[in-house]
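Chemist: Generate coordinates for the sequence data below:
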Amino acid sequence: MKVGNRYLIAGAALIVLSAVVTVTLPALAYAMLDANTSGGQEYLVAVELGVRVLENIAAPLGTALLAVGLILNRPAPRCPPDPDRTPRETG
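Modeler: Residues are numbered from 1 along each chain as shown. Next up, the predicted model:
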């Protein structure tokens, strides 16, 4: 597997993982923790802080990895032949 493909896969996976965690983790935390107690509120604040940090780091990092993968996978440009240059004669 080419190095660029690895970056593409890692970037896309990081973006998807960030989106899934951002959507599901707060809902799971609210379902599992009691928001009416002070201890539950403290845990919910910690979960929200963790999700926000992850959201602000993982998605941009995934986008950067995806861009690196695209750049590494682009084909090399082909230069047109120079009309002033004559081919070498063999023989």
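Chemist: okay, CA-based contacts and neighbour counts for the rest of this
Modeler: Will do.
Chemist: Give me the distance between residue 72 and residue 37.
Modeler: 52 Å (CA to CA, to the nearest Å).
Chemist: Those two - which one has more neighbours?
Modeler: residue 72 (16 against 9; other CA atoms under 10 Å).
Chemist: If we ignore the residues flanking it in sequence, what's nearest the more buried one?
Modeler: residue 4 (4.9 Å; CA to CA, 6 or more residues apart in numbering).
Chemist: Then residue 21?
Modeler: Residue 21 sits nearest to residue 51 (CA to CA, 6+ apart), 7.4 Å away.
Chemist: model confidence over the helix or strand where the one you found lies, on average?
Modeler: According to DSSP states H and E, residue 51 maps onto helix 38-73. Averaging pLDDT along helix 38-73 gives 92.
Chemist: ends of stretch 24-39, how far apart?
Modeler: With CA to CA, one end of stretch 24-39 sits 21 Å from the other.
Chemist: Report the central residue of this structure.
Modeler: A centroid search over the chain (CA atoms, centre = their mean) returns residue 62, at 1.4 Å, as the residue closest to the centre.
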